[in-house]
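# Any chance you can model this:
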Amino acid sequence: MKLSSEKKCILYAVLSYLMWGLTPIYWKLIQHVSSEEILAQRIFWSFVFMLGILLIMKKWCIFISFIKEILGKPRLLLLLCIASILISANWGIFMWAVIHGRILEASLGQYITPLTSILLGIILLKERLNKTQTFAFLLAGIGVFILTFHYGGVPWLSLSLALTFAFYGLVKKVIKTDSTMGLAIETMSIAPFAFLYLSHLMVQTQLQFTESISTSLLLMGSGAVTALPLLLFTKSAKTVSLSMLGILQYISPTLSLLVGVFLYRETLSTAHIMAFIFIWSALALYTFSSVSNRGKKVSPR
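Prediction:
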């Protein structure tokens, strides 16, 4: 039963990474809107989407009780606020990169994130890797180093993406709350600031939400596009090891990289191709090692 639950959580993680890998297509559809407004709209409509989920699941009363509970737990409230700030920053950085034609740099950040997650798991959560997994980690590190060297300097945009999401994953790992409730609280805590910013744009007649019906619908849909994969990720984060989540996350940057190259004609260099070889070799090796270890654990003696 435990193994079945773990497989389900791994599936949730894979689905979330597939969705994230394809989101550049969605944000490109509204690239005429400023990245600041898109971020505010994302936050606001994500909160609305989560309220809808709570109503559909008939968890509204539980949600109210949960709010009262966390108000009496300053540490939990602080962690949830930190999580909301980290993920909002990550959203803003990623969208700015996509809108300004820097999808490949964003994908580099997503490639670095798993390595950061693995290191955090080892250093802070005392997770361990066997020799094969350690070798896989080194292969992935070489691949990321090649991409970093290719950019000829410290890739601040990529590093910012990696650090914000890796620490977000760590905070979600530490928080012992229902994933739906936690995400609803996170979006609720930052939604008032988004609403104030959107109100300011409206007063200044700079709000682009009402520019056209298609723009309005796409901005409203950003709530579901944002919250759904994040909800799946949070469901998986408490069960799947941080190192496993780190490796699976290579799905997202690979899709983003392919989208950037084949749909938006960003240049794929030799360095990217070499990095692909190292990173996917690491993914295959790590996956094989993990499956083998699980097989040994469940085998009858």
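# got a list of contacts for the helix or strand containing residue 232?
Counting by DSSP states H and E, the element that carries residue 232 is helix 213-237. Contacting residues not belonging to helix 213-237 are listed as 9-10, 12-13, 15-17, 19-20, 23, 26, 29-30, 32-33, 38, 41-42, 44-50, 53, 87, 91, 169, 172-173, 179-180, 182-183, 187, 208-210, 245 [Cβ atoms under 8 Å, 6 or more residues apart in numbering]. (Glycine included, C-beta is placed from N, CA and C.)
# Out of those residues, which sit inside helices?
9-10, 12-13, 15-17, 19-20, 23, 26, 38, 41-42, 44-50, 53, 87, 91, 169, 172-173, 179-180, 182-183, 187, 245 (DSSP state H).
# hang on, the earlier thing: what subset of the contacts of helix 213-237 is buried?
Neighbour counting by 16 or more other Cβ atoms under 10 Å classes 9-10, 12-13, 15-17, 19-20, 23, 30, 33, 38, 41-42, 44-47, 49-50, 53, 87, 91, 169, 172-173, 179-180, 182-183, 187, 208-209, 245 among the contacts of helix 213-237 as buried.
# If we go by neighbour counts, what in the helix or strand hosting residue 79 is buried?
Using DSSP H and E, residue 79 sits within helix 74-99. Neighbour counts over helix 74-99 (16+ other Cβ under 10 Å) mark 76-77, 79-80, 82-99 as buried.
# Mind giving me the packing neighbours of that helix?
helix 2-28, helix 35-56, helix 60-71, helix 103-124, helix 156-174, helix 179-203 (3 or more Cβ pairs under 8 Å, 6 or more residues apart in numbering; DSSP states H and E).
# closest to residue 145 out of these?
Closest to residue 145 of the helices and strands packed on helix 74-99 is helix 103-124 (Cβ to Cβ; 10.0 Å).
# CA-only coordinates of the closest one, as CSV, when you get a sec.
Taking Å, rounded to 0.1, in the frame of the first residue of the first chain, the C-alpha atoms of helix 103-124 are listed here in CSV:
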residue,chain,number,x,y,z
ILE,A,103,13.7,30.7,-22.5
LEU,A,104,17.0,28.9,-22.7
GLU,A,105,18.4,30.9,-19.7
ALA,A,106,15.2,30.0,-17.9
SER,A,107,15.7,26.3,-18.8
LEU,A,108,19.3,26.5,-17.5
GLY,A,109,17.8,27.8,-14.2
GLN,A,110,15.5,24.8,-14.1
TYR,A,111,18.4,22.5,-14.8
ILE,A,112,20.3,23.9,-11.9
THR,A,113,17.3,23.6,-9.5
PRO,A,114,17.5,19.8,-9.2
LEU,A,115,21.2,20.0,-8.2
THR,A,116,20.3,22.6,-5.6
SER,A,117,17.5,20.5,-4.3
ILE,A,118,19.7,17.5,-4.1
LEU,A,119,22.4,19.5,-2.2
LEU,A,120,19.7,20.9,0.2
GLY,A,121,18.4,17.3,0.8
ILE,A,122,21.9,16.1,1.6
ILE,A,123,23.0,19.0,3.7
LEU,A,124,19.8,19.9,5.6
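# What residues of that helix count as buried?
103-122.
# what do you get for stretch 209-229?
Neighbour-count burial for stretch 209-229 flags 209, 215, 218-219, 221-229 (criterion: 16+ other Cβ under 10 Å).
# Tabulate those in JSON lines, adding columns for pLDDT.
JSON lines is the format used below for the buried residues of stretch 209-229 (pLDDT from 0 to 100):
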{"residue": "209", "pLDDT": "95"}
{"residue": "215", "pLDDT": "96"}
{"residue": "218", "pLDDT": "96"}
{"residue": "219", "pLDDT": "96"}
{"residue": "221", "pLDDT": "96"}
{"residue": "222", "pLDDT": "95"}
{"residue": "223", "pLDDT": "94"}
{"residue": "224", "pLDDT": "94"}
{"residue": "225", "pLDDT": "94"}
{"residue": "226", "pLDDT": "91"}
{"residue": "227", "pLDDT": "90"}
{"residue": "228", "pLDDT": "92"}
{"residue": "229", "pLDDT": "91"}
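# out of these, which one sits closest to residue 281?
residue 229 (26.3 Å).
# centre of the chain versus stretch 114-122, how much separation?
15 Å (Cα atoms, centre = their mean, to the nearest Å).
# which residues are contacting that stretch?
In contact with stretch 114-122 (Cβ under 8 Å, 6+ apart) are residues 127-129, 137, 140-141, 144, 162-163, 166-167, 169-170, 241-243, 245-250.
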